[in-house]
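K.L.:
Provided below are the primary sequence and the corresponding predicted coordinates.
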Amino acid sequence: MRDMNMKKLKKNAFRYSKVRGETASRIRIPGGVINAKSMAKAAEIAEKYGNGTVFITNRQGFEIPGIKMEDIPRVNMELQSIIEDSGVNQGEPGQGYPASGTRNVVSCPGSRLCPFGCYDTTKFARKMDKHIFPNNLHVKIAFTGCSNDCAKVRMNDFGIIGMTEPQYNPDRCVGCEQCVKYCRIRSVNALKAVNGKIVRDASACVGCGVCVAYCPTRAWTRSKEHFFRLVLLGRTGKKNPRLAEDFIKWVNEENIMKIVKNAYAYVEEFIDKNALEGKEHIGYILDRTGFDEFLKWAMKDVELNPEAEISRRIYWGGKFYDRGYGRSKGGLQA
Amino acid sequence: MGYVLSSEGFSKALHELGGSYRLYAPVRKEGEGRFTDVDVVRYDFVHEAGEIELSTKSDYAFKEILTPLSETLFFFTEQSVKDADKDTSPVIIFVRSCDLHAVKRLDQIYLANGKAEDWFYRRIRDSVRFALIGCSESCENGFCVSMKTNRADEGYMFSVDEDGGKFYVDVKDDEAAKIFAAHAESSQPVTARYVTENDTDVNVPENVPNSIYKSDIWDEYTQRCINCGRCNFVCPTCTCYTMQDVYYTDNGRVGERRRVGASCMVDGYTNVAGGGQYRKTNGERMRFKVLHKVWDFRRRFGYDMCVGCGRCDDVCPEYISFANCVNKLDAAIKEAGNDE
């Protein structure tokens, strides 16, 4: 006789499998970095309780498939060292993960490794995970080091894109114009040479730091403070997949932490109480309440840093499969 | 005259010297490197001994005070010209042995290359004196032993070596000796530390036949090099500059002439009127640079331009090694010689 509370099982970060009686353990790795010994532990669990394979997920987690439901308590015990190593908030030790709604917080390699990373993405992702997890609400957050967006943060509810404000020292500039050239080729063509020195169009600049990376004399350097572009409410899915839109450019870390926390309160207030399995993407809630209501909640007690440029009205695009658009016959054309 | 000073005594002595001299030294600039949270060590004026980066070789050379990256030479309007003001109060520059040898190369080019001295260089050069930072161990890419620049016995006011929290100075200047003596814990003979071997050994060819100009050893650099010129800008002996005549945009009848650093690797260096360009490929530019450093300069002045500081190898984003290129050059010449 097998009597499983599947709601509890899923909340405990085990997957509903198509194979009856089996499940998969979902390991959360905020910021995408764990120690090699935790990796070995995951492999050990897969060998001991699973089918000997590990699935690397899209959101930088592991899923260990082929686990017998009866083994869940034992697997949870074995997960303990990984949970502690990855710094994930937990309720009772030995009980596995306390929630699965808010998804793993993703990051690109960032400045730990990448020459273009504008900040330590893993560090910020872990800090954010500590801030918002455990939580049952279906929220996706991702961090990327620069505007290349290798972490695909625009497909998340909250996307954090690193920026540096280039600092120019004309006394060190020889006018070689490599910054101008590489900004044009690799970025957004925000620089031009005027009278042998460089002029930056601040409104066009995306803060990617390409000018700094290519400057041969340290005429361009990075700002002491790290800045971010916060993008909102991108999503995949059947109804209305869309990319996240720009919310605040040049925002600082402190404000991002507040805004994300505030957004959780907004969701608690306005989520469809009858939503299937209690899951509703924030974007669909916002579609119902309107942007102004969201803005009111998100910006509660937020004092924007002086550099920040906020969009007070956002329109999203994307596909509208749920409203007749894009149907092959008989529907309206988008 | 040699003295041993505590950290505090050394600070006081420098503070006192600072009353008569501006102090120009390698400084660690936090977060000002190419990449996020990476420092750069470059020269700047300091007020305290603690600001001086004594343990690491600077990423950029001291030459920026003698040949600024960007310097306005004079202003002009209609019939009038005015020299730009320049602070020519005395300076002590803190350099390592390789860089002290580089001073001779800079002087050669700006003061003794042809009949005329460079007036703007002379004006600042006369206000400059040197302090020698000893080297307790070889830096990663340096090849000063090969270039015979690992040791400097003269040309400095005093040397400084930090060891176990004590500062050892060899003072060659009477005025400075009085100051150090006043703050010293003891007096004893001091020799500035220097290295006697590097990880990198470079074989500089004695003779370079013209046939090497057409050798295929340069071809790989056409592919590998991105002509960014960082090797030139960090080099203590690169002296090339270009001019910018700038007319102010508000009033085109007023302007200034600027002298800015130039690089033989960067686009535009060999451009001439009519659209010609003598060295188009990066391989040709590499050939010019390398031969200039270890052959052409010697033919004219009798000694090599390169001092083996290794900064070009430290900075190259494509991991091109100048030192290894010289060794390849030497091997190619020897091989060609054996064939004949």
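P.N.:
Received, thanks. Residues are numbered from 1 along each chain as shown, chains lettered A, B, ... in the order given.
K.L.:
how much space between the nearest residue to residue B:331 once chain neighbours are set aside and chain A?
P.N.:
Excluding its sequence neighbours, the residue lying closest to residue B:331 (C-beta to C-beta, 6 or more residues apart in numbering or on different chains) is residue B:203, at 7.9 Å. No exception for glycine: its C-beta is placed from N, CA and C like everyone else's. Separation of residue B:203 from chain A (C-beta to the nearest C-beta, to the nearest Å): 29 Å.
K.L.:
what do you get for residue B:31?
P.N.:
6 Å.
K.L.:
Domain map for chain A?
P.N.:
Per the record, chain A has its domains at A:6-85, A:106-163+A:226-323, A:167-221, by automatic domain parsing.
K.L.:
In terms of helices and strands, where is residue A:20?
P.N.:
Secondary structure assignment for residue A:20, by DSSP states H and E: no helix or strand.
K.L.:
OK, contacts around the closest residue to residue A:239 other than its chain neighbours?
P.N.:
Distance criterion C-beta to C-beta, 6+ apart; nearest residue to residue A:239, sequence neighbours excluded, is residue A:322 at 3.9 Å. Going by C-beta atoms under 8 Å, 6 or more residues apart in numbering or on different chains, residue A:322 touches A:238, A:239, A:240.
K.L.:
Highest neighbour count among those?
P.N.:
Within the contacts of residue A:322, residue A:240 tops the neighbour count with 20 neighbours, counted by other C-beta atoms under 10 Å in any protein chain shown.
K.L.:
how about low-confidence regions in the chain?
P.N.:
In the absence of a named chain, chain A is used. Within chain A, the ranges that satisfy pLDDT under 70 run A:324-334.
K.L.:
wait, chain B
P.N.:
B:338-340.
K.L.:
What parts of it come near chain A?
P.N.:
For chain B, the residues in contact with chain A (C-beta under 8 Å from any C-beta of the partner chain) are B:29, B:31-37, B:40, B:42, B:60, B:68-70, B:228-230, B:233, B:242, B:244, B:246-249, B:258, B:260-263, B:266.
K.L.:
Where does the residue of the stretch 101-250 of chain B at minimum distance from chain A sit: helix, strand or coil?
P.N.:
Closest contact between the stretch 101-250 of chain B and chain A, by C-beta to the nearest C-beta, is at residue B:244 (3.9 Å). Residue B:244 falls in the strand class when you classify it by DSSP: H, G, I helix; E, B strand; the rest coil.
K.L.:
so it bridges to which residues?
P.N.:
residue B:258 (DSSP bridges).
K.L.:
Identify the residues contacting it.
P.N.:
Per C-beta under 8 Å, 6+ apart, neighbours of residue B:244: A:175, A:195, A:196, B:257, B:258, B:259, B:260.
K.L.:
and the residues you listed, which two are the farthest apart?
P.N.:
A:195 and B:259 (14.6 Å; C-beta to C-beta).
K.L.:
what about those two, which has more around it?
P.N.:
Set residue A:195 next to residue B:259 and count neighbours by other C-beta under 10 Å: residue B:259 wins out with 20 against 15.
K.L.:
picking up where we left off before, now the contacts of residue B:244 as a markdown table including distance to residue A:251?
P.N.:
Listed next are the contacts of residue B:244 as a markdown table, based on distance: C-beta to C-beta, whole Å:
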| residue | distance to residue A:251 |
| --- | --- |
| A:175 | 33 |
| A:195 | 34 |
| A:196 | 34 |
| B:257 | 43 |
| B:258 | 38 |
| B:259 | 42 |
| B:260 | 37 |
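K.L.:
Show me how to select, in ChimeraX, the buried members of those residues.
P.N.:
Of these, the buried ones can be selected in ChimeraX as follows, counting by 16 or more other C-beta atoms under 10 Å in any protein chain shown:
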select /A:175,196 /B:257,258,259,260
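K.L.:
of the contacts of residue B:244, closest to residue B:108?
P.N.:
Nearest to residue B:108 among the contacts of residue B:244, with distances taken as C-beta to C-beta, is residue B:259, at 18.4 Å.
K.L.:
contacting residues for the closest one?
P.N.:
Counted by C-beta under 8 Å, 6+ apart, residue B:259 has contacts B:68, B:70, B:71, B:73, B:120, B:241, B:242, B:243, B:244.
K.L.:
Quick one: buried ones out of those residues?
P.N.:
B:68, B:70, B:71, B:120, B:241, B:242, B:244.
K.L.:
coming back round to it: residue B:308 is nearest to which of the domains of chain A?
P.N.:
domain A:167-221 (21.1 Å).
K.L.:
how far is the closest one from where the chain is centred?
P.N.:
29 Å (C-alpha atoms, centre = their mean, to the nearest Å).
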